[in-house]
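>>> Here is my input; please provide its structure:
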Amino acid sequence: MKQSEIKDLSAAALQEKLNQTKKAYADLKMAHAISPIENPLQIRSVRRTVARLATELTKRELQ
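So this is what the prediction gives:
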């Protein structure tokens, strides 16, 4: 998810997307621990998306 897409979301949508993405990240980590997933770089991209969403939420709270 790109930063421009994240800025267009409302605060409630950001929170929901963050929860969904965190769950997807946990699922990917678990699947990779059990048996290696086909594209391990996917874990990195999901982790970075979680960070982008969390950063945008924090930024909005501070304003």
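
>>> Give me the next element, helix or strand, following the least confident helix or strand in the chain by mean pLDDT.
Across the helices and strands of the chain, the lowest-confidence element by mean pLDDT, DSSP states H and E is helix 3-7, at a mean of 91. Moving toward the C-terminus from helix 3-7, the next helix or strand (DSSP states H and E) is helix 11-34.

>>> how about that next one: buried residues?
By 16 or more other CB atoms under 10 Å, the buried positions in helix 11-34 come out as 14, 17-18, 21-22, 25, 28. (Each C-beta comes from the backbone N, C-alpha and C, glycine too.)

>>> Distance to Ile34 and pLDDT added to these, as a markdown table?
Below are these laid out as a markdown table (distance: CB to CB, whole Å; pLDDT from 0 to 100):
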| residue | distance to Ile34 | pLDDT |
| --- | --- | --- |
| Leu14 | 31 | 96 |
| Lys17 | 26 | 97 |
| Leu18 | 25 | 97 |
| Thr21 | 21 | 98 |
| Lys22 | 19 | 98 |
| Tyr25 | 15 | 98 |
| Leu28 | 11 | 96 |
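
>>> closest to Asn39 among those residues?
Lowest distance from Asn39 to those (CB to CB) belongs to Leu28, with 9.8 Å.
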